[in-house]
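Colleague: Next input, structure requested:
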Amino acid sequence: MKKIQMVDLKGQYQKIKERVDASVLEVIESSAFVNGPEVHTFQKELEDYLGVHHVIPCANGTDALQIAMMGLGLQPGDEVITADFTFAATVEVIALLHLTPVLVDVDPVNFNIDIEAIKKAITPKTKAIVPVHLFGMAANMDAIMDLAKEHDLYVIEDNAQGIGATYTGRDGKKVKTGAIGHVGTTSFFPSKNLGCYGDGGAIFTNDADLAHTIRGIVNHGMYKRYHHDVVGVNSRLDSIQATVLRAKLPHLDSYNTARRDAARKYSAAFMNEEKIITPMICDSCDCHVFHQYTLRLKDTDRDALVAHLQEKQIPCGVYYPIPLHKQKAYLDERYNEADFTVTNQLVQDVISLPMHTELDDEQIAFITSTIIDFVNK
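Modeller: Numbering: from 1, shown residues only. You can find the predicted model right below:
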């Protein structure tokens, strides 16, 4: 059996090596390293893939979130509601802009932001909601957009883990995640479902005026060289990363299909295990792209399992071990522990297994049997 990787980027690279190598060399030969033709072509290809009018590439996913909020004109003190159970970048940018983060609990089944918790958190100061398509599972965007319309709020989709997921609305219409809210963002960090070979990110919107504002923000606030019309930042996707993403984008759907297939095999192996709660898999749509395959454990020492898997040379991850509302940087006396019952339990129960396009049946069988033996000992 080949060595198990949490993410097998090398194996994935080998299958597109010829295209990637040739394209990277072309960029080097052209010396168009920043805002070159490859960036603009990738932008257009991603617009077509997502079915969105405007894609603005940037330097990374965290910048994408910050720039989206800057583009919307949110002001210090404005409240922004987001999920307590996610990576810190989502709340980090809210705080950096001197906005007020409002963390709320998540759904125990899909781990995404809880709709009833959003309703309770809305105040006259609320200006935006940031749903995170956590682990690759589309959040309940119909309900979120309904709340936004009712309360005149912006919706900023954090699609860093969900690129390629398809959300089926209550009207039956299918839309890619990231293209539903007022603005969407993503990360192209190497381990993402669509990842480059460094850092990268992008912002999506169907609003032409917002897209124009954001294009200036990512480039020092300039629309014309040395004319700074808005306060901006320096956040651009470089041409080498764009050409890598161009090589991978045509394979994104097949990558996501491979992840779903691996997820189904994991879940089938765990089907009769009462101590293991598997993530939801929808057979009628493509709403989950399994950036992570995350289990919940019952009556099991999660940290002991982590140590056991490491001894067996099986990588795993705990995403996330500490709720954001308990992180030193985001402590706030407004928060009540009774409002975070799900998140507080998840951080004790969850464990994520290797998940990537190169997983094979032998590896999945070894991983699952090792876990089953441990939880039943």
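
Colleague: start to end distance for stretch 88-102?
Modeller: Distance between the two ends of stretch 88-102: 13 Å, counting by C-alpha to C-alpha, to the nearest Å.

Colleague: Return the set of buried residues in that stretch.
Modeller: Using 16 or more other C-beta atoms under 10 Å as the test for burial, stretch 88-102 gives 89, 90, 91, 92, 93, 94, 97, 99, 100, 101, 102. Where C-beta positions appear, they are placed from N, C-alpha and C, glycine not excepted.

Colleague: Need the residues that contact that stretch.
Modeller: 61-62, 65-66, 69-70, 74-83, 103, 121, 125-127, 130, 132, 158, 160, 324, 327, 329-330, 332 (C-beta atoms under 8 Å, 6 or more residues apart in numbering).

Colleague: swap in stretch 313-320?
Modeller: Residues contacting stretch 313-320 (C-beta under 8 Å, 6+ apart): 3-6, 85-87, 135, 292, 294, 302, 306, 309-310, 347, 350-354, 366-367, 370.

Colleague: What of stretch 364-373?
Modeller: Taking C-beta under 8 Å, 6+ apart as the rule, stretch 364-373 contacts 1, 4, 262, 265-266, 269-270, 273, 276, 295, 305, 308-309, 312, 314, 353-354.

Colleague: May I have the lengthiest helix in the chain as CSV, with CA atoms only?
Modeller: When the chain is parsed with DSSP state H, its longest helix is helix 9-30. Only the C-alpha atoms of helix 9-30 are listed here, as CSV (Å, rounded to 0.1, in the frame of the first residue of the first chain):
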residue,chain,number,x,y,z
LEU,A,9,-0.8,17.1,-4.2
LYS,A,10,2.2,15.3,-5.7
GLY,A,11,0.0,12.5,-7.0
GLN,A,12,-2.5,15.0,-8.5
TYR,A,13,0.4,16.9,-10.1
GLN,A,14,1.7,13.9,-11.9
LYS,A,15,-1.5,13.6,-13.9
ILE,A,16,-1.3,17.2,-15.2
LYS,A,17,2.5,17.6,-15.1
GLU,A,18,3.0,18.1,-18.8
ARG,A,19,0.4,20.9,-19.0
VAL,A,20,1.5,22.6,-15.8
ASP,A,21,5.2,22.5,-16.6
ALA,A,22,4.7,23.8,-20.1
SER,A,23,2.4,26.6,-19.0
VAL,A,24,4.7,27.7,-16.1
LEU,A,25,7.6,27.9,-18.5
GLU,A,26,5.6,30.0,-20.9
VAL,A,27,4.9,32.5,-18.1
ILE,A,28,8.5,32.6,-17.2
GLU,A,29,9.5,33.1,-20.8
SER,A,30,6.9,35.9,-21.2
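
Colleague: from the chain's centre, how far out does it sit?
Modeller: 25 Å (C-alpha atoms, centre = their mean, to the nearest Å).

Colleague: which strands and helices sit next to that helix?
Modeller: Contacting helix 9-30 under the criterion 3 or more C-beta pairs under 8 Å, 6 or more residues apart in numbering; DSSP states H and E are the following elements: helix 37-50, helix 239-248.

Colleague: now the ones you listed in a markdown table, with mean pLDDT and distance to residue 180?
Modeller: Shown next, in a markdown table, are the helices and strands packed on helix 9-30 (pLDDT from 0 to 100; distance: least, C-beta to C-beta, whole Å):
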| stretch | mean pLDDT | distance to residue 180 |
| --- | --- | --- |
| helix 37-50 | 98 | 10 |
| helix 239-248 | 98 | 22 |
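
Colleague: Residue 11: which of those is closest?
Modeller: Checking the helices and strands packed on helix 9-30 against residue 11 by C-beta to C-beta gives helix 239-248 as the closest, at 13.5 Å.

Colleague: ok, and what's touching the closest one?
Modeller: Contacting residues not belonging to helix 239-248 are listed as 16, 19-20, 23-24, 26-28, 30, 32-39, 41-42, 45-46, 57, 188, 194-200, 255 [C-beta under 8 Å, 6+ apart].

Colleague: Only the buried residues of it, if you could.
Modeller: Neighbour counts using 16+ other C-beta under 10 Å place 239, 240, 241, 242, 243, 244, 245, 246, 247, 248 of helix 239-248 among the buried residues.
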